[in-house]
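[1] could you look at this predicted model? Sequence included:
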Amino acid sequence: MNSILNVIEKLKLNVLNIEDVPESFSSDVYKLTLSSGETVFVKIPFNKDKLFREFQMLETLKEVLPVPKVLDIWYGDERTKGALLLSAIQGMPCTGDVDEKLSFQMGTYLAMLHEVQAPGYGHHAAEGYKLFDHNNWRLHIQSNFEMWKEPCKEILGSTLYEKCILHFDRVFSALPEPDGPCFVHMDFRPGNILVQGNEVAGIIDFESARGGSSEVDFTKVNRYIWEANPRTKSPFIEGYQSVRPMMALERVLPFYNFYDAFSSIAWCKKRGIAKNQTFLQENILILSNSVG
């Protein structure tokens, strides 16, 4: 609470009410009611790079997608990494059933995002746009996996861990050439898609977005939308293809399902195993099924 009070003071906001937004898993997000009656959101990032990444992405996409408007930015002090003041979008996170119409719209908006070219394979950071090593998406994926090995080894049993290492080497080498570089969301799931009625009202949470290959963004679409309701897959793809061609998903989805689960194990190790136990077990099961 000290951080949000510090931000309110720095941004000189007159606030009537502060609400915590509980479903934010990385940064701290607060819903504020101002004395004018206006509702706004404050996002306090986990680190400085996330602050600049979200700011630059929202500025880039404001004429492309229904994203929050950046009302103000504060660059932080010794206590707080900084904060974004964001406009409220009239809508709620898509936590209910996704039908065919809504799925078509989601596919259309994801394709519109992927149509935005990035300066290279990389991401926005405090010092500007940073390219990945050799401007290479496949090398970036491989480097991430190497980085996650140690924390995953501490959590996974030795048998499952060794199977994961062998599985990565086998499936990684079979991936097709990546497309891009285009901007990818990295967490395109129902919780980050705001809906009003049966319409997509907004897309939020671009703190992990980067210049990459579009293939990565279908991972959570598959896990949280298509697997929850298989009838949504066809209209989603139709919506996507109304804007741009769809890649051969069957060649990349199994790999990214595994890769994302391995990443999530490392994330749980970093952010706390005890408080993320449910998410941890969900991803251990995915790994087991992937390599089994």
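    Yes, it's here.
[2] this structure: strands as residue ranges?
    Taking DSSP state E, the strands of the chain run over residues 15-20, 28-34, 39-44, 70-74, 83-87, 92-93, 122-125, 128-131, 182-184, 193-196, 199-203, 210-212.
[3] and stretch 99-115, how far out from the chain middle?
    Its chain's C-alpha centre and that of stretch 99-115 lie 16 Å apart, by Cα atoms, centre = their mean, to the nearest Å.
[4] list the contacts of it.
    With contact meaning Cβ atoms under 8 Å, 6 or more residues apart in numbering, stretch 99-115 is reached by 61, 64-66, 94, 98, 182-185, 188, 193, 195, 198-200, 203, 214, 217, 221, 225, 231-244. The C-beta positions use only the backbone N, C-alpha and C, and glycine is treated the same way.
[5] buried sites along it?
    Going by neighbour count (16 or more other Cβ atoms under 10 Å), the buried part of stretch 99-115 is 102-114.
[6] repeat for stretch 83-93
    Under 16+ other Cβ under 10 Å, the buried positions of stretch 83-93 are 83-86, 88-89, 91, 93.
[7] tell me which of these is nearest to Asp49?
    Distance to Asp49, by Cβ to Cβ, is smallest for Leu84 among the buried residues of stretch 83-93, at 13.3 Å.
[8] show me what the closest residue to the closest one other than its chain neighbours bridges to in the sheet.
    Among residues not flanking Leu84 along the chain, Lys43 sits closest, at 4.7 Å (Cβ to Cβ, 6 or more residues apart in numbering). Note on Lys43: beta-bridge partners Val29, Leu84, judged by DSSP bridges.
[9] so who does Lys43 touch?
    Per Cβ under 8 Å, 6+ apart, neighbours of Lys43: 24, 27-29, 54, 83-84, 86, 207.
[10] can you do 10 Å?
    If you count contacts by Cβ atoms under 10 Å, 6 or more residues apart in numbering, Lys43 has them with 7, 21, 24, 26-30, 50-51, 54-55, 68, 70, 82-86, 204-205, 207.
[11] let me see the contact set for the residue nearest to Phe279 when sequence neighbours are not counted.
    Using Cβ to Cβ, 6+ apart and skipping the chain neighbours, the partner closest in space to Phe279 is Cys268 (6.2 Å). Taking Cβ under 10 Å, 6+ apart, we find Cys268 in contact with 151-152, 155, 274-284.
[12] which of the residues you listed lies closest to Asp260?
    Each of the contacts of Cys268 was scored against Asp260 by Cβ to Cβ, and Asn283 proved nearest at 8.0 Å.
[13] quick one: the closest one and Ser264 touch, right?
    Yes: the criterion here is Cβ atoms under 10 Å, and Asn283 meets it with Ser264 at 4.2 Å.
[14] give me the common contacts of those two.
    Counting by Cβ under 10 Å, 6+ apart, the shared contacts of Asn283 and Ser264 are 152, 276.
[15] distance of the most centrally placed residue in the chain from Gly76?
    Residue closest to the mean C-alpha point of the chain, counted by Cα atoms, centre = their mean, is Asp187 at 2.3 Å. Distance, Asp187 to Gly76, by Cβ to Cβ, to the nearest Å: 23 Å.
[16] with Ile8 instead?
    Relative to Gly76, Ile8 is positioned 14 Å away (Cβ to Cβ).
[17] what does Ile203 give?
    For Ile203, the distance to Gly76 (Cβ to Cβ) stands at 25 Å.
[18] tell me which of those two has more neighbours.
    Neighbour count, other Cβ atoms under 10 Å: between Ile203 and Gly76, Ile203 has more, with 22 against 18.
[19] residue contacts, the more buried one?
    61, 65-68, 89, 106, 109-110, 112-113, 185, 188, 192-194.
[20] before we move on, what about Pro45?
    Residues near Pro45 by Cβ under 10 Å, 6+ apart: 26-29, 51-55, 76, 80-84, 207.
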